[in-house]
Every structure is written in structure tokens, then in C-alpha cells.
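[1] With the input below, show me the fold.
(2 chains)
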Amino acid sequence: MNLPPGISEKDFSAAIEEWQDALGKDWVLTADADVALYRDAYSPVWNEPEEPIPSAAVAPDGVEQVQAVVRIANRYKVPLWTISTGKNLGYGGSAPLLGGSVILDLKRMDRVLEVNEKNHYALVEPGVSYFDLYRYIQERKLKVWIDPPDPGWGSPIGNSLERGGGYTPMHDHYDAVCGMEVVLPNGELMRTGMGALPAAKTWQQYKYGFGPYVQGMFSQSSLGIVTKMGVWLLPEPEAYVAGTVMCWKRDDLIPMMEAFANLVNSGTLRTTTTIASPLWFGLPDKELDPLRVSGAVKEMEEYGARKKIPYWTIPLPFYGPAKVVAAQWEHAKQKFSSIPGVTFEDGPSYRFPLSAQDLAKIRDTVPLGIPSLQIFSVISILGQQSEGHLGFSPIIPMTGEALLEALTLFDQVHRELGSGGGAFPVLSSFPRSLVIIYLLPVTRDVEKNRRTREVYRRLIKEAAARGWGEYRTHTTFMNDISDTYSFNDHALRRFHETVKDALDPNGILSPGKCGIWPRRMRKAQA
Amino acid sequence: MRNVKRRSAKALLLSAMLLALAGTAFAAPDEAQIERGHKVYDKWCFPCHGTGLGKPGTDSLKARGVNPAVLEERTDLSAAVIKLSVRHGVLFMPMFRKTEVSDADLDAITAYLMRNNKK
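    Below you'll find the model as predicted:
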């Protein structure tokens, strides 16, 4: 048996026995074959000595059981690593950061506790997936939309806490969180916001409650276990209209991003989108590829003009009343119209609800609030044969200048290190910033993975040197990224450590999460 | 005569009941298992391996020349292959934990996917 670090076999066996008493023997998993199911299927350190393999898994079916698990873990100082659906693939999946941790698997807590159709919110448990919540809403024919991220098998709780994103006007998932129930590291139960009122009537309706706003302390965090969470939903819109803006010169990106920022920051465009460069980072092309490598911009532009391949495309989706969305798209076109040579493409547009027949014709239903796994089809078409992927995703300013600088730099790094995986960035937006997402392939080949990690670490370093930091990362790189957020001798990390030590003195919850280690493990990590 | 008739009717009813019971004991569990497997399959497997657009499992098998690419249409899958795929994963398909698909659910999926295999 793989033991948690620093824990004796006697203490570990005692903890296992106590968990068995609390949860029943079936839900304390210790057999090697069962524990192996918690390995990260997309691990960039698969089968290497540093791959963090858990020691066991416990799967409670209610809040009281979660509290019992935590109290027992405190008694024996056994580290727990909490997962909800465990589908955070590309970021660590269901595996811990620290090998030997016990997985606290919340998948069995999969109840949708409320969906409010009149005021558009839901209250869910951690094991509820986007598929589950969508099914619940459809079975009751409720006129609300969820906002799924690309793969729908994750959970609203897990994805929102990790600050993931989707595509509808509710795309910023953490921003759509309202009210949490949290088991604290000492096993105590707390509710945030209005939920602190015993007779609360607006727990899922008003975020802030009274006094300091602590909800954020539980996102990307190891300070508590969220057992219930409110999530805001979108009233089913009347219509969807999308159009694509296409520009043909490299430097057109600068006025494009100015117009784009105005649309996003004014609330005209309420969604995220995917900015792309079919000419620079598009499909392989014998004539174009050498120009891409040498950076021959003028020749590329000429080729693009000849073959009708735009340098830049930005699709703009609008959701709302039919007349409003049509006007928004017209307004958007005006905003871009001063760019010489700009062209526009209308469509698609939909009226809701869609018939089953119309729905069957749409490949990507995620922007319409319908969860799917189709993104994996895209990945398997774009990438080499791989077992998975990693996301490198720095946040950069919402300007054309920053974007050109970042794309040029990252492209150069990928070419230098001979990694083809980075040649296809996805660019999407939060208000006032952009996130670039590079998917790097993960395989079962130790040498290939070692090279991928080398590329990843170089990208982190180059980005940080220019003031760009990642919004989220795989467990393998959490220390590396945390190291880059180092203003004033790591003042932010020291603050996190102070809070961690105060709330979790035994350091039992998710040690190492986002580079924050409890006191008793800090020396070993330094 | 009337008694005989009544006895025959009773006998018929009894044999019908016995047949029904026999059905419950021997045939119905398979049907129930297949039905359960269908439900579990719809929840856990269909989003990737189903019919229609944007099903990566189906797309991936199609790209590798597997025919039919939709698992529900196959008649040659073995229990060993199904169980290995679910518990170990295949390419970008991850393994599934017992809190997601229990051993009993996995048996049911297997019964469902093997329902049309040649006996």
C-alpha cells in the first residue's frame, strides 16, 4: 500500500478503519485496482517516479459524512485531495498533487437541490455534472439555460471553483456563483453570503451577505470543501445571432482589438469568443507553411488575399430578444467598419426553443447551453495521436499589440523546441483581458512527456518575464506558476500560507494546491 | 363436467402462472439487466459513443476504420474488452471510477452492448 508521506502504517490503518465505520466499507477504496482509477489519465508524468499516486479514496454521500472524513483526517494528519466529478482533465483529473494523499471523491453527492425558473438559479451538490443539471432541467421543461464548459462531464461546482469558462452570457463561471456551503478544515459547517442567516431567503440571489466577502477564498483553494453551491442560470433567450469579422492584414489586429474591447467592456458583447488566425495558425498548407516559419508577413498577406484566407477572424455571438441581437450585430459591424478591407459573414442565427430536427444539425451545441463532449473530436482531429492534453493559458492584455507580441513569442518557443502542439492557440476573452490557450499533447511516452514539460516550463518563464501569468494550471506546474506571482518577495503566497496555517493547522486539505503548502510540508517543498 | 371444466380452467391458469414465474426467474432478469445497461449507457457512454454530430468516440473509431463505429450497433464486443476500456481508458478516453460506473453498472453496460452478439 502507498502510504501518505510521514504517516505510519499503524496510523493509516486506524484512519481507514474509522472511515469505514463512518462511510461503510464499500466507499473506502484501498485495493490497488480501485485506487488506480484515480490516476490522472492525462498525466504529463505518467509512470514516472514523480507521478502522484493516491493511497486510497473515500466517497461520502452527504455533508455529515464529509465532516466525519475531515475530522478523522485531522486526528491522524492524513492529507486529503478533494475532487467533485474528477474530470478536470488537463489540470490533474482525479489525481492528487501530493502522492499518497487520500482522494475525497464527492461524485456520489449528485443531487440537484433546486432549479428556480422564475429567478434563474440552481443549488447543486459537487457530484452533479453539467450533463446531470441539463437533464434535470429538460425533464422538467424549465425555460433556463446552463452554461457548460467544453466537455460537459465536469461539475458546475468544480469548474466554477477552478474559474473555468463557457460560451453563453454566463460564461465566466466563477462570476455566476452565488452562495456556498463549506466544510472547513476542522470539520465545521459554514454557509457564505446570505446563507449565514439561519432563515435565509436569498442565499442564491445576493452574493455578498454582510461583512468581508469570503466566497473567493474557496476557489482554486485548499481552505474548505464546498458541499453545496448556488449557480446563476440564463433565462432561455428568444434568439441567437452570430456573425464573423474578417481582417486581412497582420496589423489589422490592433484596431480590431480596440473595437472588440469596446463591445465587450460596454456589455454589448456579453459572451466569450474565439479569436483565430486561419492564415498564421490555420491548417497545414505546403505553400504557406514555409512563410509561417520565416515570418514573411507581406507574402502571407498576399497569399491570404489570393486564396481568400483571412489573417484574423472574430466570431461575435449575441443572445437575447430577436430585434436586439440583430441591432447588436449591426452595431458591431459599424465598430469594425473603419478597418480597410474588413469583411463580414452573417450567421448562424437561431430562435429558441430549437426543434429536435434543427438541433441534430448542429455539431457544437455548447454555445447553446447544451453540454457535449464534441471538443474531443476537434482535439483528435487537430492533434497528433495522444492520450490527452495540457492547457497552457496565460492572461494577456486585451490589445492587438499584446496579442501580436504573445503569439510571435510563443510560436517561436514552440518552433525552437520542436513542439508542434502549440501552433494552434485558442484566444478567448474575459472583460478587459484575453486568455491564450495552448493545448500541448500528453502521451504514454516518457521522453515525449519530458519534452512537453520542458516546453511548458519555458512558456511559463517567458510569459512571466513579460508580465503574463496563467489563470489555471495542471497540478504538475502549480509550484512553477506560484513562483512567478512573486511581487514583494512572494507577499501574496506568504499571505495565503498565513491563512492556510490558521484555518488548517494540520495541513490536511489539498496540500500544494496552487503552490500553497501547509507549514509542516513547506520545508520539504522549498 | 362442470367440475372437470373448472379444474381444466384452473390448471390452465396455474400453468400460465408457472410459465410467467418461469419467465421471471430465467428470462426477465436478462431483459432487466439489458434495460438497466441501456440507461447507464445513455448516461455515461452515449455523449461520446452515440449517434449524431460531435460524438468523439464514434468519430475516433470511424477514423480508425472500425465498422460500425457506434458501439450500440456492434455484435462482436466481449465483456473483457468493454470492461478493460472502461477501467483503463483508450487514447483520450479516461478510465472511469467506481463512484461513476459501479461494477454492477459495468455488468449492465456489458449485457446491453452484447445483447445482439451471436449466441
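[2] Contacts for the helix or strand harbouring B:Thr110 next, please.
    Assigned by DSSP states H and E, B:Thr110 belongs to helix B:103-113. With CB atoms under 8 Å, 6 or more residues apart in numbering or on different chains as the test, helix B:103-113 has contacts from B:30, B:33-34, B:36-38, B:40-41, B:44-45, B:71-72, B:74, B:77, B:79, B:82-83, B:86-87, B:101. Every C-beta, even on glycine, is put in place using the N, C-alpha and C of the backbone.
[3] A:Arg351: how many residues sit nearby?
    If you count neighbours by other CB atoms under 10 Å in any protein chain shown, A:Arg351 ends up with 12.
[4] My read is that it contacts A:Ala239, right?
    Yes. Counting by CB atoms under 8 Å, A:Ala239 is a contact partner of A:Arg351 at 5.3 Å.
[5] State the distance from A:Thr408 to A:His414.
    11 Å (CB to CB, to the nearest Å).
[6] So for these two, which residue has more residues nearby?
    Legend: neighbour count by other CB under 10 Å for A:Thr408 and A:His414, higher for A:His414 (21 against 12).
[7] State the pLDDT value of the closest residue to chain B within the stretch 351-500 of chain A.
    Among the residues of the stretch 351-500 of chain A, A:Gln374 lies closest to chain B, at 3.0 Å counting by CB to the nearest CB. We have a pLDDT of 93 for A:Gln374.
[8] what's the answer for the one 10 residues further on, then?
    According to the predicted model, the pLDDT of A:Gln384 comes to 53.
[9] A:Met170 too?
    96.
[10] Is it in contact with A:Ala176, as I believe?
    Yes. A:Met170 is within contact range of A:Ala176, at 4.9 Å (criterion: CB under 8 Å).
[11] what touches both of these two?
    Here A:Met170 and A:Ala176 have A:Asp147, A:Trp232 as joint contacts, going by CB under 8 Å, 6+ apart.
[12] before we move on, the earlier item: from the contacts of helix B:103-113, pick out the ones that also neighbour chain A.
    Among those, proximity to chain A is found for B:Arg87 (CB under 8 Å from any CB of the partner chain).
[13] now what about the one helix or strand A:Gln412 maps to, what contacts it?
    Assigned by DSSP H and E, A:Gln412 belongs to helix A:400-416. Residues from elsewhere that reach helix A:400-416 (CB under 8 Å, 6+ apart): A:250-251, A:253-258, A:275, A:277, A:280-281, A:293, A:295, A:394, A:396, A:420-423, A:425, A:427, A:434, A:436, A:438, A:455, A:458-459, A:462-463, A:466, A:468.
[14] Give me the neighbour count for the residue of the stretch 351-500 of chain A closest to chain B.
    Neighbours around A:Gln374, by other CB under 10 Å: 24.
[15] Okay, it and A:Pro255: tell me how far apart.
    In terms of CB to CB, A:Gln374 sits 33 Å off from A:Pro255.
[16] ok so, going back, tell me, what's touching A:Arg351 and A:Ala239 both at once?
    Contacts common to A:Arg351 and A:Ala239, judged by CB under 8 Å, 6+ apart, are A:Ala322.
[17] Point out the residues in the stretch 351-500 of chain A that sit beside chain B.
    Residues of the stretch 351-500 of chain A lying near chain B (CB under 8 Å from any CB): A:360-365, A:371-377, A:379-381, A:385-389.
[18] all strands of the stretch 51-200 of chain A, in order?
    A:56-58, A:80-83, A:102-105, A:112-116, A:121-124, A:144-145, A:177-183, A:189-191 (DSSP state E, counting those that start in this stretch).
[19] Sheet partners, orientation included, of the longest one?
    Strand A:177-183 has the following sheet partners, assigned by DSSP bridges: strand A:189-191 (antiparallel), strand A:225-232 (antiparallel).
[20] report the angle between the axes of the last one and strand A:112-116?
    In other words, strand A:225-232. Going by axes from the mean of the first three to the mean of the last three CA atoms, to 10 degrees, strand A:225-232 is angled at 20 degrees with respect to strand A:112-116.
[21] Sketch out the helices for chain B, chain order is fine.
    B:2-22, B:28-44, B:46-49, B:56-63, B:79-88, B:103-113 (DSSP state H).
[22] before we move on, what about the stretch 51-200 of chain A?
    Using DSSP state H, counting those that start in this stretch, the helices assigned to the stretch 51-200 of chain A run over residues A:63-76, A:130-139, A:156-161.
[23] out of those helices, deepest packed?
    Ranked by mean neighbour count, those are led by helix A:156-161 with a mean of 26 (mean count of other CB atoms under 10 Å in any protein chain shown).
[24] Would it count as contacting chain B?
    No. Residues of helix A:156-161 are not located near chain B by CB under 8 Å from any CB, the shortest gap being 13.7 Å.
[25] Low-confidence regions, chain B specifically.
    Along chain B, the parts satisfying pLDDT under 70 run over B:1-29.
[26] Pull up the residues of it that are close to chain A.
    B:43, B:47-48, B:52-56, B:59-60, B:63, B:87, B:89, B:91-92, B:94-100.
[27] Packing partners of the helix ranked longest in chain A?
    Ranked by residue count, the top helix of chain A under DSSP H comes out as helix A:446-465. Here helix A:446-465 touches strand A:388-392, helix A:400-416, strand A:433-442, strand A:469-470, helix A:478-484, going by 3 or more CB pairs under 8 Å, 6 or more residues apart in numbering or on different chains; DSSP states H and E.
[28] List buried members of the residues of chain B next to chain A by neighbour count.
    B:43, B:47-48, B:53-56, B:59-60, B:87, B:89, B:91-92, B:94-100 (16 or more other CB atoms under 10 Å in any protein chain shown).
[29] Nearest spatial neighbour of the closest residue to chain A within chain B, chain-adjacent residues omitted?
    Closest to chain A within chain B is B:Gly54: 3.0 Å, counting by CB to the nearest CB. Distances taken as CB to CB, 6 or more residues apart in numbering or on different chains place A:Gln374 nearest to B:Gly54, at 3.0 Å, with adjacent residues excluded.
[30] picking that back up, so which elements touch the helix or strand that the helix holding A:Gln412 is followed by?
    Going down the chain from helix A:400-416, the next helix or strand is strand A:426-430, by DSSP H and E. Packing contacts for strand A:426-430, counted by 3+ CB pairs under 8 Å, 6+ apart, involve strand A:433-442.
[31] quick one, the strand it packs on and helix A:400-416 angle?
    Angle of strand A:433-442 versus helix A:400-416, following the same axes, to 10 degrees, is 10 degrees.
[32] partners of strand A:433-442 in the sheet?
    strand A:388-392 (antiparallel), strand A:394-397 (antiparallel), strand A:426-430 (antiparallel).
[33] For those strands, give me CSV that also has mean pLDDT.
    Output for the strands paired with strand A:433-442, formatted as CSV (pLDDT from 0 to 100):
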stretch, mean pLDDT
strand A:388-392, 89
strand A:394-397, 94
strand A:426-430, 72
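[34] nearest to A:Ile508, of these?
    Of all those, strand A:388-392 sits nearest to A:Ile508, with 27.9 Å by CB to CB.
[35] Just the angle for that closest one relative to helix A:446-465, thanks.
    10 degrees.
[36] contact partners of strand A:388-392?
    Applying CB under 8 Å, 6+ apart, the contact partners of strand A:388-392 are A:41-44, A:89-91, A:379, A:383, A:421-422, A:437-442, A:452, A:456, A:459-460, A:470, A:472-474, B:92, B:94.
[37] at 6 Å what do you get?
    Outside strand A:388-392, the residues that touch it by CB atoms under 6 Å, 6 or more residues apart in numbering or on different chains are A:42, A:44, A:90, A:437-442, A:456, A:459, A:474, B:92.
[38] Name the residues of it that are buried.
    A:Gly388, A:His389, A:Leu390, A:Gly391, A:Phe392.
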